[in-house]
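Here is a sequence with its predicted model. Questions after.
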Amino acid sequence: MTARRLLIRDLAQVASPAGSDAPLRGAALRDIAVIEEAYVLCEEGRVAAVGSMRDLELIAGDVAATTREYARSQLGARIALLYLDLDNYEGTLACLRNLYPLVSPGGVVAFDEYALAGYGESDAVDEFFRGQKIRLRSFPWAKTPMAFLVKEAA
């Protein structure tokens, strides 16, 4: 079986529009806190029963820069699941530009705030995929209007 790692990009650096002093929304702060706590527990060896947590890597910084560097430095890397929960236009568009080329055919790309008013994620997704043949899907039971797609073979 191929080794898999969970890479988490810190959205704290891009959760507000560029140049804005607007605070992070509650859900974004909660998500970061949960992820950071899981990471600390893993590092301290207090979650040994969850072996996959040892493959978690929290990367702080602006996702535009960190995802660009990841894509550049990980020759041959492929992504099976790209879950975008960035809450904004800039971060979402940067992640799509940098990471979508690494998504394997048949891989899933999910957008947590797609079609949710007050977020820029929908605009970034629509702009990135404009003119491309994709099929956005959703779950009827989801509590927010999220969307996902399965990447087709070229």
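On my side now, so go ahead. Numbers count the residues shown, from 1 in each chain.

so L81 bridges to which residues?
Under DSSP bridges, the beta-bridge partners of L81 are V108.

What mean pLDDT does the host helix or strand of A71 get?
In the assignment (DSSP states H and E), A71 maps to helix 63-73. Here helix 63-73 scores 92 as its mean pLDDT.

buried ones in that helix?
For helix 63-73, the neighbour count (16 or more other C-beta atoms under 10 Å) marks V63, A64, T66, T67, R68, Y70, A71 as buried. From N, CA and C alone the C-beta is placed, and that goes for glycine too.

Let me see the contact set for the residue nearest to the last one when sequence neighbours are not counted.
Translated: A71. Using C-beta to C-beta, 6 or more residues apart in numbering and skipping residues adjacent in sequence, the residue nearest A71 is N98, 4.8 Å away. Residues in contact with N98 (C-beta atoms under 8 Å, 6 or more residues apart in numbering) are A64, T67, R68, Y70, A71.

ok, back up a step: show me what the helix holding A71 is packed against.
Contacts defined by 3 or more C-beta pairs under 8 Å, 6 or more residues apart in numbering; DSSP states H and E place helix 63-73 against strand 6-9, helix 89-99.

Point out the most buried one among the ones you listed.
helix 89-99 (a mean of 21; mean count of other C-beta atoms under 10 Å).

Next, the angle from that one to helix 63-73.
Using axes from the mean of the first three to the mean of the last three C-alpha atoms, to 10 degrees, the inter-axis angle of helix 89-99 relative to helix 63-73 is 0 degrees.

all helices for this structure, in order.
Using DSSP state H, the helices of the chain run over 26-43, 63-73, 89-99, 121-129.

if I look at V125, how far off is R68?
For V125, the distance to R68 equals 19 Å [C-beta to C-beta, to the nearest Å].

right, I mislabeled it, should have said T92
Between T92 and R68 the computed distance is 14 Å (C-beta to C-beta).
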